[in-house]
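# below: sequence and its predicted model.
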Amino acid sequence: MKHIVGNVNRRAFLKTGAALGGGIVAAGMPLSQVIWAAEGKVLKARFGVFRTLDPAFYSAQGDVDVMNCIYSKLTRYKPGSEWGWELEAAEKIEQVDPTHIRFRLNKGIRFTGGHGEMTARDVKFSFERAIKHNSHVKDDWGSLDHVELEDDYTGVIVFKAPFVPVWNIALPYGVGHIVSEVAVMKATKDGGDFSMKSPAFSGPYELNDLRPNEYLILTRNPEWSGPRPGFDEIRIQLIKDAKAAERAYQAGDIDFTPISLDSLATFKSNPPADTKLEEHSSLFYWWIGMNMDHPKLKDINVRKAIQWAINVPQILNAAFSGQAGVATGTIAPGLFGHRPKALVPPEGDLAKAKEFLEKAGVSGLTLAIDCKDGSSGSTISQIVQAQLSQIGITTEINVRDAGSWWTIGNESEGENWKNLQLIVNGFLGLPDPHYEVSWFVQNQVGVWNWERFRSAQFDELVAKAVTIYDPDARAKLYYEMQDLMEESGAYRFLTHGGTPVMYRATQMQAATRPDGEPLYLDFKPA
């Protein structure tokens, strides 16, 4: 899963506690005075969600941002305005045929703690363990079967069927990070989840200090023999709220942060001193979901009434200060599979909404709408509440803290999913449309598929699309998938938002993916 505005980029199974905000700790001292002591080339940044150091079990974008610094992958995303990948740990990698990818490692990449040189055995172990241990992100590997070893540095990644998204999802992102087989087996006995206790590092940085829900510090890895990164230290504060992060930036506690869309106009007209502001498109997607299994929402006419009653532009004006465009589905503009328009027009139609309610024979309906805490979710909920009141539906808003939010639709966490009705949700996408639809197949019901949407046709299209290399042919299948989601009545797509970032130009030259996510290894001192 995924997550997410950073919501979850794979969204989360682990619960989180309270995060620091506003650059102030309980004692009332600026955070910079409480924690940071070392000087030198120091990169101070912020993330909103961080849960694990284990690549096979990542659940948030913040996890991957850190892993990019402390581990190595065969390939990595290129920084810049266009999506692309380049070699990292691999000296060479090629698609031999539709189900085989051969790689050859660079020599001399070493694991810390005396765990030796990285070999193809470590690649095999790392790639297979997400599947072996039934990780919630195992689907990133699609139809991966195993990795064959040819020699110490060469191997072949073998798939049961073609899986085109491997190049833009698995290899350059979370599950593509390579860990030491020897170190992990010593630490876990069975090779399973080591969570925050990483037993060895292989990237330009290593973990120096970590306080969950507060901060982490990365310092140079003395065993790293590759290109030298620009900073001696990376200090990352966990600040879940964008407004709090903006205040921390203005207080000087951090030098790089994403900012909220409703602050964008203010910062553009009056930026902090020595600050560079960049606007990036986003692969994030917000929607209103409906639990199709709840007795009040089983009738498709009720769901369609809600779809047509929701005026998306009104929501975006209130929640994002008019700085976000209307979404047509889960797949963002710029990716193949992005629909030109949704089936239900953005403004909706109150008269049609009332007709659907009359067809359902429903009146005096009361529903609950759940959202994650933070200004955007609560504002969206309030506008939807007002809009639904216009067709006679009363809604009660439940604002969930970050710790409980990711459990409410998950069957493994209890029976709260049975009480879900309307949901303000959002996931972070990746530069292959498969990532934006894979969470809504039937085997994800009760995991990430909280709407409990079931469609055999949808599942077949998801499976077929990943075997096709022609982007135009694939795109047609993704149009159809999003049509099926919307036709179910369980989804009202809202926006992809945007990812504006700001950073102190006197301290750094930032480097990001096209969607504004930081690539810390490519940051340079000013």
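Arrived safely.
# CA only for contacts and neighbour counts going forward, please
Will do.
# which ones are touching the closest residue to residue 188 other than its chain neighbours?
Closest residue in space to residue 188, ignoring its immediate chain neighbours: residue 194 at 6.5 Å, by CA to CA, 6 or more residues apart in numbering. When contacts are counted by CA atoms under 8 Å, 6 or more residues apart in numbering, residue 194 touches 53-54, 184, 187-188.
# and these, which is closest to residue 159?
residue 54 (23.1 Å; CA to CA).
# what segments of the stretch 351-500 of the chain are strands?
Shown for the stretch 351-500 of the chain, the strands assigned by DSSP state E, counting those that start in this stretch span residues 366-372, 394-400, 422-428, 491-495.
# make JSON lines out of the ones you listed and add mean pLDDT and distance to residue 105.
Output for the strands of the stretch 351-500 of the chain, formatted as JSON lines (pLDDT from 0 to 100; distance: least, CA to CA, whole Å):
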{"stretch": "strand 366-372", "mean pLDDT": "97", "distance to residue 105": "42"}
{"stretch": "strand 394-400", "mean pLDDT": "97", "distance to residue 105": "45"}
{"stretch": "strand 422-428", "mean pLDDT": "96", "distance to residue 105": "30"}
{"stretch": "strand 491-495", "mean pLDDT": "98", "distance to residue 105": "41"}
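# tell me the most buried of these?
By mean neighbour count, with neighbours taken as mean count of other CA atoms under 10 Å, strand 491-495 ranks first of these at a mean of 27.
# contact partners of it?
285-290, 307, 310, 312, 316, 324-330, 485-486.
# try stretch 263-273
With contact meaning CA under 8 Å, 6+ apart, stretch 263-273 is reached by 250, 277, 323, 500.
# for it, C-alpha coordinates in PDB please.
The C-alpha trace of stretch 263-273 is given here as PDB (Å, rounded to 0.1, in the frame of the first residue of the first chain):
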ATOM      1  CA  SER A 263      -0.800  27.900   2.100                       C
ATOM      2  CA  LEU A 264       0.600  28.000  -1.400                       C
ATOM      3  CA  ALA A 265      -0.800  31.400  -2.500                       C
ATOM      4  CA  THR A 266       0.400  33.000   0.700                       C
ATOM      5  CA  PHE A 267       3.900  31.600   0.400                       C
ATOM      6  CA  LYS A 268       4.100  32.600  -3.300                       C
ATOM      7  CA  SER A 269       3.200  36.200  -2.600                       C
ATOM      8  CA  ASN A 270       5.300  36.400   0.600                       C
ATOM      9  CA  PRO A 271       7.900  33.700   0.800                       C
ATOM     10  CA  PRO A 272      10.200  33.300   3.800                       C
ATOM     11  CA  ALA A 273      13.700  34.800   3.400                       C
END
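# any idea of the mean pLDDT for it?
Average pLDDT, stretch 263-273: 94.
# tell me how many other residues crowd residue 526.
12 (other CA atoms under 10 Å).
# quickly find the element holding residue 247.
Per DSSP states H and E, residue 247 falls inside helix 242-250.
# so what pLDDT did the residue in the chain sticking out farthest from the centre get?
The centre of the chain is farthest from one residue, residue 361, which by CA atoms, centre = their mean lies 39.8 Å away. Reading off the confidence values, residue 361 has pLDDT 97.
# got any ranges where the stretch 351-500 of the chain has weak pLDDT?
Counting by pLDDT under 70, the stretch 351-500 of the chain has no low-confidence residues at all.
# how about the helices in it?
Secondary structure of the stretch 351-500 of the chain, counting by DSSP state H, counting those that start in this stretch: helices at 375-389, 402-405, 434-437, 456-465, 471-487.
# tell me which of those helices is the most buried.
helix 434-437 (a mean of 23).
# packing partners of it?
Contact here means 3 or more CA pairs under 8 Å, 6 or more residues apart in numbering; DSSP states H and E; on that basis helix 434-437 packs against helix 456-465.
# now do the helix it packs on: distance to the chain's middle.
23 Å (CA atoms, centre = their mean, to the nearest Å).
# just checking, what packs against it?
Applying 3+ CA pairs under 8 Å, 6+ apart, one finds that helix 456-465 contacts helix 434-437, helix 471-487.
# dump these into a markdown table; add distance to residue 81 as well.
Shown next, in a markdown table, are these (distance: least, CA to CA, whole Å):
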| stretch | distance to residue 81 |
| --- | --- |
| helix 434-437 | 20 |
| helix 471-487 | 20 |
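# tell me where the stretch 101-250 of the chain has strands.
Counting by DSSP E, counting those that start in this stretch, the strands of the stretch 101-250 of the chain are 144-149, 154-159, 177-178, 205-211, 215-220, 233-238.
# quick one, phi/psi of the residue farthest from the centre of the chain?
Main-chain dihedrals, residue 361, degrees, to the nearest 10: phi 70, psi 30.
# tell me which of the strands of the stretch 101-250 of the chain sits nearest to residue 122.
Ranking these by proximity to residue 122 (CA to CA) places strand 177-178 first, at 6.6 Å.
# and that closest one, which strands flank it?
Paired with strand 177-178 in the same sheet, following DSSP bridges, are strand 72-73 (antiparallel).
# so for the partner strand, mean pLDDT?
Averaging pLDDT along strand 72-73 gives 98.
# any idea which helix or strand comes after that strand?
Trace forward from strand 72-73 with DSSP H and E and the next one is strand 75-77.
# tell me the helices and strands packed up against the next helix or strand after that following strand.
Proceeding N to C from strand 75-77, the next assigned helix or strand is strand 85-87, under DSSP H and E. Applying 3+ CA pairs under 8 Å, 6+ apart, we find strand 85-87 packed against strand 75-77.
# partners of the strand it packs on in the sheet?
strand 85-87 (antiparallel).
# and the angle from the helix or strand following the partner strand to strand 154-159?
Sequence order places strand 90-97 as the next helix or strand after strand 85-87, per DSSP H and E. With axes from the mean of the first three to the mean of the last three CA atoms, to 10 degrees as the basis, strand 90-97 and strand 154-159 are set at 40 degrees to each other.
# state the mean pLDDT of strand 90-97.
Rounded mean pLDDT across strand 90-97 is 98.
# same check, this time on stretch 204-216
Stretch 204-216 carries an average pLDDT of 94.
# quick one: buried residues of it?
204-207, 212-216 (16 or more other CA atoms under 10 Å).
# and the helices in the stretch 101-250 of the chain?
120-132, 181-188, 242-250.
# ok, residues contacting the shortest one?
Contacts with helix 181-188, where a contact means CA under 8 Å, 6+ apart, come from 115, 121-122, 125-126, 191-192, 194, 198-200.
# CSV for those, including pLDDT?
Converted to CSV, those look like this (pLDDT from 0 to 100):
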residue, pLDDT
115, 98
121, 98
122, 98
125, 98
126, 98
191, 96
192, 97
194, 97
198, 97
199, 98
200, 98
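# write the PyMOL selection for whichever of those are buried.
Those of the contacts of helix 181-188 that count as buried under 16+ other CA under 10 Å are selected in PyMOL with:
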select buried, resi 115+121+122+125+126+191+192+194+198+199+200
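# rebuild the contacts of helix 181-188 as CSV, extending it with distance to residue 91.
Formatted as CSV, these follow (distance: CA to CA, whole Å):
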residue, distance to residue 91
115, 21
121, 16
122, 16
125, 19
126, 18
191, 27
192, 28
194, 28
198, 25
199, 25
200, 22
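# how deep is residue 408 tucked in, by neighbour count?
Residue 408 has 21 nearby residues by other CA under 10 Å.
# nope, residue 268 is what I was after
Residue 268 has 12 neighbouring residues, counting by other CA under 10 Å.
# go on, residue 346?
Using other CA under 10 Å, residue 346 is surrounded by 21 other residues.
# for it, list the residues it contacts.
311-313, 326.
# save the strands of the stretch 101-250 of the chain as TSV, and put in distance to residue 505 too.
Shown next, in TSV, are those (distance: least, CA to CA, whole Å):
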stretch	distance to residue 505
strand 144-149	43
strand 154-159	42
strand 177-178	31
strand 205-211	23
strand 215-220	21
strand 233-238	16
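# deepest of the ones you listed, which one?
strand 177-178 (a mean of 28).
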